[in-house]
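task: produce atomic coordinates for the following.
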Amino acid sequence: MDNAVHNCDTTQPPETGPFAAYLARQLVAQKGYSHDLTVAELEPARAACDYLLIRHDGMQFSAICIVDCEADATHAFGLSVEQARDAIDACRGYAGRMGFSRMPVQLHVIEVRAGAVDTPTRQRLAAYKRRSIFSKGVLNAWALDTANASVWSNAPAPMRWGLGRWFKGLLACPRRAASPDADGQRLRAVTPGWPWLSFLIAAALIAVYGLQILFAIPPGNGVPGFDTQTLFALGGLNPAAVFGNGEWYRLASAIMLHGGLLHLLFNLVALLLAGFSAERLMGSAWFAATFALGGASGAALSLYLGPPGMVAVGASGAIMALLAAGLICSFRLVDNAERLQVQMRLMFMLIPSLIPSATSHAIGGATDYAAHFGGALAGALIGILLRAIWRRHGATPPGQALAALVAGAALLLLAGSATAVAKNYPRYADVVEYIPADAIPDRWSDLSANEAANLVAAYPEDPRGHYTLGRRLLIDERYVDAERAFRDALAAYRAHADDFLDAFEPEVRMFIALSLALQGQSAEARREAAPLCAQFHQGEIHQALAATDLCKPADQP
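Sure, this is the predicted structure:
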């Protein structure tokens, strides 16, 4: 391997001595292993190798047995496959739990050799593997060739790419002093301090929830959850409103809303978990920009995949972005217990939130997994970008000023969306009581004039009641009252046109024209009918107007 591939540091004087000893020092310094830990169950393994290293941080348990075969090619690991399996299986109790299951425990057998690994050696080492794919005792074997800087292993491909690549770097590069930050690019710890921006965002979400309670449309009050009409009126994401009415402000306003108290609490917990890790890694500016971009990405994917009638709310997409970006940025930390704790905190919230069957808690309505995936994807891309541009000795990634501009622009858009919500709220919050389905007769003509009048009195904002009354009054030859009823139906329809078919208005206007004609007001009737005559050249409306000659010019007999 050439130095450029492994980013070798050639400024330090090379070390001498067995590579196995050098490997042990580097594992202690960079990977968090220890010479000094004593585990009774692994004492047989200690006697079977030259260096036994153990890493135990309360969550993961891993052991490495290094056998120095450079001077003597016949030297080999001293335990049989079954003895090695029994030893690592006996250590299951040292691993921490994730949910209801213990984490796997690992034992790596490493033989360091001074030449190519021959076939018998590979066949022997290949047998050192776990009992089955379901076994929590993970056993792997490695052979490091110091003469050719090559690595052989029976470990799974991801481990061969990760740990195996690290081994190759040690073999190919000149030896250097053991240090946790040997390449000068790792952070020893996250930046100290409180994640003040996370608390500020949490406070804003709580304040908005208070406004939701204050402006909830009765009878919803937010405990345990809000109804769809309240969430829609306050700016919930709805494809029909966005694409049909051009209400794009909902992409921003929906992020600050929550469907209920449990929904809010769940997101607050996830936000603060992300804050204590991701904000201190990324810096407050990038944290804010990631929240904004992740929220927008989640809302966009939800809008694209969601059904037309859905009303989606919540900061979950933005929070998923923070968790994903923080997880990727955490690999900037040196490989120690703190990095593992940071990653476990982030994965504890991120992974279950992306698995539908794992999210069984009731947080108010269906979980919007499109928003979760959209936010997580945006966060992952941001994390990859930050890792790529992170300076060698920078405590936080560069571009904080640019990130602050992105966050500031998002804040202005949010303010604009709040203005749009306030403008449209009175219209969408107007509670209209329509005639219930069980009160609608099979045929409107079955109602008497008194019954129709009672229906209008009970449901004055429903245009269908006024329409029915007008039809009944026409039958009873009360033409003046019928005209008045039809005009009331037209006014009620225009006040709530979104809730009715577009064909309702032409039919009502036709009956207004007919009522005028039956009153003997031919000129008024023709003026009322003129737009309909120009619009309809066939169908029932055309036939009704033609039958009364309302579409003929006034100068024709």
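
the longest helix in the chain is where?
If each helix of the chain is counted by residues according to DSSP state H, the longest one is helix 400-428.

would you mark the buried spots in that helix?
Judged by neighbour count using 16 or more other Cβ atoms under 10 Å, the buried positions of helix 400-428 are 403-404, 406-407, 410, 413-414, 417-418, 420-421, 424, 428. Yep, even glycine has a C-beta here, placed from its N, CA and C like the rest.

could you export the residues you listed as a markdown table, including pLDDT and distance to Asp36?
A markdown table is the format used below for those (pLDDT from 0 to 100; distance: Cβ to Cβ, whole Å):
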| residue | pLDDT | distance to Asp36 |
| --- | --- | --- |
| Ala403 | 92 | 43 |
| Ala404 | 93 | 46 |
| Val406 | 94 | 48 |
| Ala407 | 93 | 47 |
| Ala410 | 94 | 50 |
| Leu413 | 95 | 56 |
| Leu414 | 94 | 54 |
| Ser417 | 95 | 58 |
| Ala418 | 94 | 59 |
| Ala420 | 94 | 64 |
| Val421 | 93 | 61 |
| Asn424 | 90 | 67 |
| Tyr428 | 81 | 67 |
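
and of the residues you listed, the nearest to Leu231?
Distance to Leu231, by Cβ to Cβ, is smallest for Tyr428 among these, at 10.2 Å.

now stretch 43-56: average pLDDT?
The average pLDDT within stretch 43-56 is 92.

how far out from the middle of the chain is that stretch?
43 Å (Cα atoms, centre = their mean, to the nearest Å).

from the contact counts, what lies against the longest helix of the chain?
Using 3 or more Cβ pairs under 8 Å, 6 or more residues apart in numbering; DSSP states H and E, the elements in contact with helix 400-428 are helix 228-233, helix 250-253, helix 284-305.

got TSV for the buried residues of helix 400-428, with distance to Ala116 too?
Shown next, in TSV, are these (distance: Cβ to Cβ, whole Å):
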residue	distance to Ala116
Ala403	50
Ala404	55
Val406	53
Ala407	55
Ala410	57
Leu413	62
Leu414	63
Ser417	65
Ala418	69
Ala420	70
Val421	70
Asn424	74
Tyr428	75
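
what's the separation between the residue positioned nearest the centre of the chain and Ile255?
If you average the C-alpha coordinates of the chain and look for the closest C-alpha using Cα atoms, centre = their mean, you land on His372, 1.8 Å from that point. As judged by Cβ to Cβ, to the nearest Å, His372 and Ile255 stand 13 Å apart.

kindly report the same for Pro398.
With distances defined as Cβ to Cβ, the gap from Pro398 to Ile255 amounts to 27 Å.

same question for Leu27.
45 Å.

which of these two has more neighbours?
Comparing Leu27 with Ile255 by neighbour count (other Cβ atoms under 10 Å), the higher total belongs to Ile255, at 32 against 25.

what residues are up against the closest residue to the more buried one other than its chain neighbours?
If the residues on either side of it in the chain are set aside, Ile255 comes closest to Gly295, at 4.2 Å by Cβ to Cβ, 6 or more residues apart in numbering. The neighbours of Gly295, taking Cβ atoms under 8 Å, 6 or more residues apart in numbering as the test, are Ala252, Ile255, Ala315, Gly317, Ala318, Ala321, Gly375.

so what does the helix or strand harbouring Leu170 touch, helix or strand wise?
Of the helices and strands defined by DSSP states H and E, Leu170 is found in helix 157-172. The elements that helix 157-172 packs onto, with contact taken as 3+ Cβ pairs under 8 Å, 6+ apart, are helix 3-6, helix 19-31, strand 137-145, strand 150-153.

what about Val269, distance to Leu262?
Here Val269 is placed at a distance of 11 Å from Leu262 (Cβ to Cβ).

circling back: reformat the helices and strands packed on helix 157-172 as CSV; add distance to Ala63 and mean pLDDT.
Formatted as CSV, the helices and strands packed on helix 157-172 follow (distance: least, Cβ to Cβ, whole Å; pLDDT from 0 to 100):
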stretch, distance to Ala63, mean pLDDT
helix 3-6, 26, 43
helix 19-31, 11, 89
strand 137-145, 10, 94
strand 150-153, 16, 94
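
most packed of those?
Comparing the helices and strands packed on helix 157-172 by mean neighbour count (mean count of other Cβ atoms under 10 Å), strand 137-145 ranks first with a mean of 22.

next one: that strand to chain centre, how far?
Average the C-alpha atoms of strand 137-145, do the same for its chain, and the two points are 37 Å apart (Cα atoms, centre = their mean).

next: stretch 86-96.
Offset of stretch 86-96 from its chain centre (Cα atoms, centre = their mean): 36 Å.

pull out the buried positions in it.
In stretch 86-96, the ones that count as buried by 16+ other Cβ under 10 Å are Ala87, Ile88, Asp89, Ala90, Cys91, Arg92, Tyr94, Ala95.

please apply the same query to stretch 41-53.
By neighbour count on 16+ other Cβ under 10 Å, the buried set for stretch 41-53 is Glu41, Leu42, Ala45, Arg46, Ala48, Cys49, Asp50, Tyr51, Leu52, Leu53.
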